[in-house]
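Student: structure, please.
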Amino acid sequence: MTKDTSLRAMGWAQSFPVSQGVRAGRQWTREHLASLAWTRDAPEIVDAILLSVSELVTNAHVHAHSDAQLVLTWDSHCLHVSVHDSDPLPPTKQSEDPTATGGRGLAIVDALADDWTTHPQASGKTITACFVPPGAPKPRHGRDVS
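Tutor: Now for the predicted structure:
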């Protein structure tokens, strides 16, 4: 079996306190996405990533009443967008109320990401969404939502 030596991982991490809002998270993410060559040819994926960052950071701030630790990891196959908050409870599916003004964050991430999952941790939980650039194989994982 031949070893794949082409894998090159890189990542960035930043904490966004509740007082900063989600705009700082989007701007920070946009700056780091610029270093990935494939983003120039995939503006729709960049938009999906930025909207997902907004939704996940908002969830940490609004629902978990927590700062959001945002980590971006590129492993040559998938851009992993992970947001950690201090609430140990897993996300719950919201009712489909068309008149509600909120509660659609994870549904939006579900629609935009190629995959996403929740990782419970002693200090809260991390939600990780995967975004695959054009031409790469899509992941085959299940979603974990209560």
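Student: residue boundaries of the helices in this structure?
Tutor: Along the chain, the segments classed as helices by DSSP state H run 23-33, 43-62, 105-112.
Student: residue 88 is nearest to which of the ones you listed?
Tutor: The stretch from these with the least distance to residue 88 (Cβ to Cβ) is helix 43-62; that distance is 12.9 Å. C-beta coordinates here come from the backbone N, C-alpha and C atoms, glycine included.
Student: show me the contacts for the spatially most central residue of the chain.
Tutor: For the chain, the residue sitting closest to the mean C-alpha position, by Cα atoms, centre = their mean, is residue 81 at 3.3 Å. For residue 81, the contact set (Cβ atoms under 8 Å, 6 or more residues apart in numbering) comprises 29, 49, 52-53, 56, 70-72, 113, 128-131.
Student: residue contacts, residue 29?
Tutor: For residue 29, the contacting residues are 49-50, 53, 70, 72, 81, taking Cβ under 8 Å, 6+ apart as the criterion.
Student: now, among the residues you listed, which is nearest to residue 121?
Tutor: Looking across these and measuring by Cβ to Cβ, the closest to residue 121 is residue 70, at 15.3 Å.
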